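[1] A structural model of the following input is requested.
(chains A and B)
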Amino acid sequence: MKPLQIPIEYKTLGNGLQVVIAPDSTAPVVTVGVYYKIGFRLEPQGRSGFAHLFEHMMFQGSENAPKMQHIKLVNSSGGVLNGSTMYDVTNYFEAVPSNALERVLWLEADRMRALKVDDENLRNQRDVVKEEVRVNVMNQPYGGFPWLDMPPVAFRNWTNAHNFYGDFADLDAASLADVQTFFRTYYLPNNAVLLILGDVNPQDGFALAEKYFGNILAGPAPKFADSSEPRQTEERRGDVVEKFGTLPAMAIGYVIPPRRTPEWCAMALLDQALHGGRAGRVYRELVLEKQIAVEADGGVDDLFGYDGPTQMTTRIFHKRELSSEATLAAFDEIVRVIQDKGINDSELQQLKVKWRSDYFATLESGRSGSMPKFGLMHLLACFTLFDGDPQLVNTILDGFLSVTAEQVQDAARKYLQPQNRAIVFRKPVEKSAQEAA
Amino acid sequence: MATQTQRVANLVPDLAAEREVRWPKRTKSKLANGLEIILLESHTIPKFHGELYFRSGNAAAAPRGTALAEMAAVMVRTGTARHSSREIEELLRGHGADLSVSAGQDNSAISFAGLSDHAEPLLQVVNELAREASFPAAEFERERRQKLEEIKLERTEPSFLAGERLRKVLFGSHPYALISPSEEQVATYKREELQAIYREFYTPENAILILVGDFDSTAMQKSAEKIFGDWNGKKPATPESAKVHIPKNRRVYLVDLPESVQAQILCGCHAITRKHPDWIKLGLINSLYGGAFNSRLVMNIREDKGYTYSPRSGVNPLRHHGYFSVSAAVRNDVLAASLTEIFYEIDKLRSLPVPEPELLDAQNYLTGVFSMGLATQSGLLSQISTLALHDLPDDYLETYREKVRALKPEDMLSAARMYFDSPNMQIVVVGDRKQIESQAALFGELEIYDAQGSLQK
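    So this is what the prediction gives:
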């Protein structure tokens, strides 16, 4: 097993913009990303959903590229683009034939420098976002389960507990002034990292970064709201009505240890032991063997991509004839067994092999299959913004591969406790009432 | 506006000289038992990705029941002569592997990815699944119960209900009309019948093995021959399919899903298969219409009017038929307005030639995105799979870009007139009947179904 040696070069420009370049000339394709250290966790109170609405506004026009130019220029250069809003970061990214690199950097710099949008753009994107929420949440069976259901049950600090997609009233209240204030506060070169991956010569890449981004003015370092949670002392529970779906479901979330600690690495392997597909204990016990559940899955949503309280969550869709309590008892039995007996060496070895394999898969594609190196970009961005060290991409695997069976068992004993968890029950509405209507 | 566009044009950096797009060499061979093997090296990560395809799927099993190949596929990983379900899952995990077995209308497939340093043992597991699946009775009963729950659940998903209805409308009595079985059909599934299908379909004469990844082709070829060489089995007979009657005149099919807060639109008409010489033309006009972010439909009903989040159009290639479709989930009160714009943009492409600059943009988009497949193992596997499953010529990858670039505005006009069959387009709408029926009825004769598929008064 060779150690990973992804070539990575890293510089900070005079205005504080961090630049990370990972050259690879395998294909004539380059992936560009700009990550801003602001996500939906830290959006303003009374403006739930704003970070995401704002992300849409970043495609509506900037100083020298009016509405549609971003999309048109990237597509017509042979590339694809998108953006996404996460807990603690928001990203904008393009994958293009490498001859379009300079054009894409110009576009990203133009919208980092100044956003040029009007009320009509805001009205339009507010409508688009509402349809996004309808299609993904309100009009889908189990829409938003559990990523929107869990936070208000699990957390007490508004930053962690509010509706990240946004209450429609809050979306309606958002104004153009809010957009510009948010932009001025957080969309600063000194609060961002630029990533260039693939077919690029690092010297050229840094020179282009300096040329297009170097004279964007830095701003005062943003003040971030405190996202820490008061100490939890007992299990928390909540109910959510399921409008379309046919099976009762539940989600059980445990807060995980702070990132980059040995306990965090152990927790990741514990997660693999519990949720690693059909071999994982949760699926094996609940679906394959006891046949209590029809579907069971879970995990930490984005292990490297958060910088505040987060959970490992199990989702269980169980048979109607079983009560929630009986289902939960079967899940608790899985937890009890791993706490009491731990895992043996052969299981640990399998978990590590699978973990290594999944890590490589993340580097190549990750969350967005059509975007080459999306996963590598995401990891480099998070390691830069949260840890100041993009090279962690090459070394972080070691921490996971050196976890012992005892550490996995200790993590189960310490973290899989009732006073560290929250449970959401998603219950289908009584069908008889609906049919009578 | 003109001056602003002018100013933008002056500032936007030009594209640099294009780097040559070179597709990696493929090694193709055929073993004595009929198994085709395609290998392609890609050293981006220390992994490899593979597909073992069988050229028979639900359509070939249709005379015996609905979606039988899919249910057989579900059973394949649940036990073999040598290993129990649990042992198989642990073997896979120990090789760092992801594996799935699935079937569509035309093919069945074992799809897998794993670490390069575990390649041979993973291929041995794949081989075992392809040859020795034992269909344990208890696993069959469990999987059947699970399938029944899946069927209940999919009937609550607007996009499933829309897709199901459109296929019924377009394909009538042809097997392609059925994308999912009913609960009654699943209840009649027999283990022995699934096993018979497995034995007939999963044979080397019916199979293609494609491997892409971090390996040495010569060594991998030897491994594959060693592992799969002594496998035997003939190609299954292909049953005759019913003739498809192409539906004439626009009609509207409303699937009633009470309490919906959106209307799911799916329109479609018959087009062509992937092998047809016009496929590339149709791909280009589709990308202009609604296949890209920067397309007319997206600009119109999303970026201008805000009716929807993700409108899209596409061409869906099945082996013997292809169809064009347009989808959008829109707010209830703009259903009629959205359909009007969908047809406006179609009819405009059928009436007026595409301006040259817009065509050039679309050509750049399609050729650029096509080459992105080069950058990842999974991207390469997907491109090679398309070639193999649709029997496309060997030089398809190498010649695709020049074929796209050779197309002219008149090609777009003729393709739109031929394949965007606006007068005969079938319209499916899924949503709350109370809120959308009067709007839907504006677009043609209306048939209304409930979510279970029963025709309503």
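
[2] Can you pull the phi/psi pair for A:Val424?
    Torsion angles at A:Val424 (phi, psi; degrees, to the nearest 10) stand at phi -110, psi 130.

[3] do the same with B:Gln426
    phi -100, psi 140.

[4] What's the per-residue pLDDT of it here?
    We have a pLDDT of 98 for B:Gln426.

[5] Then A:Ala436?
    38.

[6] next one: B:Arg7
    Per-residue pLDDT puts B:Arg7 at 55.

[7] can you tell me the distance between the two ends of stretch B:268-286?
    Stretch B:268-286 has its terminal residues 13 Å apart, counting by C-alpha to C-alpha, to the nearest Å.

[8] So for it, what gets flagged as buried?
    Under the neighbour-count criterion of 16 or more other C-beta atoms under 10 Å in any protein chain shown, stretch B:268-286 has B:268-272, B:274, B:279-286 buried. C-beta here means a position set from N, CA and C on the backbone, and glycine is covered the same way.

[9] Could you measure from the closest residue to A:Ala65 other than its chain neighbours over to B:Arg64?
    Sequence neighbours aside, A:Asp110 is the residue nearest to A:Ala65 in space, at 5.2 Å (criterion: C-beta to C-beta, 6 or more residues apart in numbering or on different chains). Distance from A:Asp110 to B:Arg64, counting by C-beta to C-beta, to the nearest Å: 60 Å.

[10] Neighbour count: those two, which is higher?
    Legend: neighbour count by other C-beta atoms under 10 Å in any protein chain shown for A:Asp110 and B:Arg64, higher for A:Asp110 (23 against 14).

[11] I'd assumed A:Glu295 was in a helix, is it?
    No: according to DSSP: H, G, I helix; E, B strand; the rest coil, A:Glu295 belongs to no helix; its state is strand.

[12] In contact with it, which residues are there?
    A:Glu295 sits next to A:Val287, A:Arg315, A:Ile316, A:Phe317 when contact means C-beta atoms under 8 Å, 6 or more residues apart in numbering or on different chains.

[13] Name the nearest residue to A:Gly14, ignoring sequence neighbours.
    Spatial nearest neighbour of A:Gly14, chain neighbours left out: A:Gly214 (6.6 Å); criterion: C-beta to C-beta, 6+ apart.

[14] What about the one you found, how many residues nearby?
    Number of residues near A:Gly214 (other C-beta under 10 Å) recorded here: 15.

[15] my read: it touches A:Leu13, true?
    Yes: assessed by C-beta atoms under 8 Å, A:Gly214 is found in contact with A:Leu13 at 5.5 Å.

[16] quick one: low-confidence ranges for chain B?
    Chain B contains residues with pLDDT under 70 at B:1-9.

[17] go again using 50 as the cut-off
    Applying pLDDT under 50 to chain B flags the ranges B:1-3.

[18] quick one: which of the contacts of A:Glu295 sit in strands?
    With DSSP state E as the criterion, strands contain A:Arg315, A:Ile316, A:Phe317 from among the contacts of A:Glu295.

[19] which one among these gets closest to chain B?
    Distance to chain B across the ones in strands among the contacts of A:Glu295 (C-beta to the nearest C-beta) is lowest for A:Phe317, with 7.9 Å.

[20] Specify the beta-bridge partners of the closest one.
    Applying DSSP bridges to A:Phe317 gives these bridge partners: A:Ala249, A:Glu295.

[21] can you count the residues close to it?
    Neighbour count for A:Phe317, taken as other C-beta under 10 Å: 23.

[22] ok, now which ones touch it?
    Counting by C-beta under 8 Å, 6+ apart, A:Phe317 touches A:Leu247, A:Pro248, A:Ala249, A:Ala293, A:Val294, A:Glu295, A:Ala296, B:Glu149.

[23] Please apply the same query to B:Pro247.
    B:Val169, B:Leu170, B:Gly172, B:Asn424, B:Gln426.

[24] how close does it get to A:Thr26?
    Per C-beta to C-beta, B:Pro247 is found 47 Å from A:Thr26.

[25] Kindly report the same for B:Met299.
    From B:Met299 over to A:Thr26 the distance is 34 Å, taken as C-beta to C-beta.

[26] who has more neighbours, the two?
    When neighbours are counted by other C-beta under 10 Å, B:Met299 comes out ahead of the other of B:Met299 and A:Thr26, with 19 against 15.

[27] Might you report the residue contacts of that one?
    Residues near B:Met299 by C-beta under 8 Å, 6+ apart: A:Met68.

[28] and if you look at the one 3 residues further on?
    With C-beta under 8 Å, 6+ apart as the criterion, the residues that contact B:Arg302 are A:Val128, B:Thr308, B:Tyr309, B:Ser310, B:Pro311.

[29] mind listing what the last one touches?
    What it means is B:Pro311. The contact partners of B:Pro311, by C-beta under 8 Å, 6+ apart, come to B:Gly290, B:Leu297, B:Val298, B:Ile301, B:Arg302, B:Val326, B:Ser327, B:Ala328.
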